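S.K.: make a model of this:
(one chain, ligands or ions: 1)
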Amino acid sequence: MQIRMRRLRRTAALRRLVSEVAVSPSDLVLPLFIREGLDEPRAIGSLPGVVQHSRDSLRKAVVEAVQAGVGGVMLFGVPETRDAVGSGGIDPGGVLNRAIRDVIAEVGDSTVVMSDLCLDEFTSHGHCGVLRSDGTVDNDETLKVYGEMALAQAAAGAHLLGPSGMMDGQIGYVREVLDQHGHADAGLLAYAVKFASAFYGPFREAVESQLDGDRRSYQQDPSRVSEALREARLDVSEGADLVMVKPGLPYLDVISAVAAEVDVPVAAYQVSGEYAMVEAAAERGWIDRDAVMLETLTSLRRAGAQIILSYWAVPAARLLRERY
Ligand code: PBG
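M.R.: Presented below is the predicted three-dimensional model:
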């Protein structure tokens, strides 16, 4: 036997020398929830270790994330009251826009501040857009609201806006509105490829969503990769600065195909259900949480995600710093 594959696996140093991808803390983005009207952070049952933040605790959490070395934060607002058109997302004093201002005041340009640009957290019916009288989501009317939300978020100082509602033309529309109103510097992290996934379950608890029905008329069918590539190409042509694939682990093939297709940075979102599954199994002692956490992040990176949104961003960044 002249070839022995095990030679390069013999010591940790050899394995490290030949490793092909590494996750660094700055690749990780921490999603954060800010809930209007809270004095203290509130636990989210299906996301152990993740909370709905108060104004104060949000600022502290962002400082902690920056100190851990993460690359950025993605902010989601949870309003106290909702209406049919999601006005809370447009109001400069609304929970999310105020949170962006708070965070920028606290950490400035020392991290990347991103904001979710979508209506589902702000609408009483829980859909990502405004509804027609027959209950279907009105694409083009929704774009107008996204445009106004984008202006409010850019004015509040967000570095990157994350349109996640899967309306057709949302990237081109929002880009144009931003440019026309003096916000040419605000970047767009396009949720270009977002599947209609059951893995978003715990997120719905986190944002107290009261969705009736499902999102299959605007989010993608899990069976299709050609459509995902087309969405990614379209978003890049409409001006996306980065594109994201979501969820992460069940869609590694899609991440890999998208990364080969486009020439902008590719992000993956390790969503709430992916996190919850591992946390639940680890709590029962069935798997090693830290090992699984690092393995999943490495796999997402290997598939082609340069950036990973993960609820583990802070503990993962700390572990990565200790180990390497
Ligand atoms: C939409 C949005 C969702 C998630 C991120 N942005 C919910 C949805 O599309 O139903 C889910 C993220 C997660 O599950 O962690 N604003």
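
S.K.: quick one: name the residues of the stretch 201-324 of the chain near the ligand.
M.R.: With C-beta under 6 Å from any ligand atom as the criterion, the stretch 201-324 of the chain meets the ligand at residues 203, 215, 271-272. Just so you know, the C-beta spots here come from the backbone N, C-alpha and C atoms, and that holds for glycine as well.

S.K.: what's the closest of the residues you listed to V23?
M.R.: When those are ranked by distance to V23 (C-beta to C-beta), V271 comes first, at 17.5 Å.

S.K.: look up phi and psi at the nearest residue to that closest one once chain neighbours are set aside.
M.R.: Among residues not flanking V271 along the chain, P247 sits closest, at 4.3 Å (C-beta to C-beta, 6 or more residues apart in numbering). The phi/psi pair for P247 (degrees, to the nearest 10) reads phi -60, psi -170.

S.K.: centre of the chain versus the biggest helix by length in the chain, how much separation?
M.R.: Of all segments of type helix in the chain, defined using DSSP state H, the longest is helix 139-156. Relative to the chain's own centre, helix 139-156 is displaced by 18 Å; criterion: C-alpha atoms, centre = their mean, to the nearest Å.

S.K.: in it, which residues are buried?
M.R.: By neighbour count with 16 or more other C-beta atoms under 10 Å, helix 139-156 contains the buried residues 139, 142-143, 145-147, 149-156.

S.K.: try stretch 301-320
M.R.: Residues of stretch 301-320 classed as buried by neighbour count (16+ other C-beta under 10 Å): 301, 303-305, 307-317, 319-320.

S.K.: just the C-alphas of it, formatted as CSV.
M.R.: Extracted in CSV, the C-alpha atoms of stretch 301-320 (Å, rounded to 0.1, in the frame of the first residue of the first chain):
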residue,chain,number,x,y,z
ARG,A,301,-18.7,27.6,4.9
ARG,A,302,-17.5,24.6,2.9
ALA,A,303,-20.6,24.7,0.8
GLY,A,304,-19.8,28.3,-0.2
ALA,A,305,-21.3,30.6,2.3
GLN,A,306,-18.8,33.4,3.1
ILE,A,307,-21.1,34.8,5.7
ILE,A,308,-23.3,32.9,8.2
LEU,A,309,-26.2,34.3,10.2
SER,A,310,-26.5,32.2,13.3
TYR,A,311,-28.0,32.4,16.7
TRP,A,312,-24.8,30.8,17.9
ALA,A,313,-22.6,33.6,16.5
VAL,A,314,-21.3,34.7,19.9
PRO,A,315,-20.6,31.3,21.6
ALA,A,316,-19.2,30.1,18.2
ALA,A,317,-16.9,33.2,17.9
ARG,A,318,-15.6,32.6,21.4
LEU,A,319,-14.9,29.0,20.8
LEU,A,320,-13.2,29.7,17.5
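
S.K.: can I get the residues of the stretch 201-324 of the chain next to the ligand in CSV with distance to P41?
M.R.: Output for those, formatted as CSV (distance: C-beta to C-beta, whole Å):
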residue, distance to P41
F203, 17
R215, 28
V271, 21
S272, 17
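
S.K.: state the pair within those that is farthest apart.
M.R.: Spanning the widest gap among those are R215 and S272, at 14.8 Å by C-beta to C-beta.

S.K.: so who does H159 touch?
M.R.: Each residue near H159 by C-beta atoms under 8 Å, 6 or more residues apart in numbering is listed here: 72, 109, 112-114, 186-187.

S.K.: alright, I will stop here.
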